[in-house]
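Novice: 3D model of this:
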Amino acid sequence: MNMKYEEAKARADIMKALAHPIRFLLVDALSRGDLCVNELNKLVDVDQSTLSRHLAQLKKVGIVSERKEGAKVIHHLASPCILQAVDCSIQVLRTELERRKRVLGGGKREKRD
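Specialist: Numbering: from 1, shown residues only. Okay, the predicted model is just below:
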């Protein structure tokens, strides 16, 4: 069965939620365990409102969830399978780096006497 536009849009929204370095850092940090806002803020070094906006983007698409523990709000990686996409991005970078090395290396000519 072919993918419908609505499904394609929903998938694109998930990828867009990851399309910022800070959100990538947040997902990476939460992959190692649940963290409160203060702990996350120390890792990304942005103001509280900016951090909240980034977390809201991740929550909106279901990557991150939160729970309250007293006065603290604890954030949790709700969909750990997203780490496969993160790992895939690393492989894409490696593949592209290798391709560039081949292209640049292939263009060099040996110096002849």
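Novice: can you give me the helices in this protein?
Specialist: 5-17, 21-30, 37-44, 48-60, 82-106 (DSSP state H).
Novice: how about those helices, which one is nearest residue 74?
Specialist: Within those, the stretch nearest residue 74 is helix 37-44; the backing value is 8.7 Å (CB to CB). C-beta: built from backbone N, CA, C; applies to glycine.
Novice: which residue packs closest to residue 80, ignoring adjacent ones?
Specialist: Among residues not flanking residue 80 along the chain, residue 31 sits closest, at 7.1 Å (CB to CB, 6 or more residues apart in numbering).
Novice: hang on, the earlier thing: indicate which one of the helices of the chain is closest to residue 68.
Specialist: Set against residue 68 and scored by CB to CB, the helices of the chain come closest in helix 37-44, at 11.4 Å.
Novice: Show me what the closest one is in contact with.
Specialist: When contacts are defined by CB atoms under 8 Å, 6 or more residues apart in numbering, helix 37-44 is touched by residues 22, 25-26, 29-30, 35, 48, 51-52, 54-55, 72-73, 75.
Novice: before we move on, the earlier item: most neighbours per residue, which of the helices of the chain?
Specialist: Neighbour counts averaged per stretch over these are highest for helix 21-30, at a mean of 18; criterion: mean count of other CB atoms under 10 Å.
Novice: what residues does it touch?
Specialist: With CB under 8 Å, 6+ apart as the contact definition, helix 21-30 has outside contacts at 17-18, 35, 40, 43-44, 46, 50-51, 54-55, 57-58, 63-64, 75-77, 82-83, 86.
Novice: Appreciated, that's everything.
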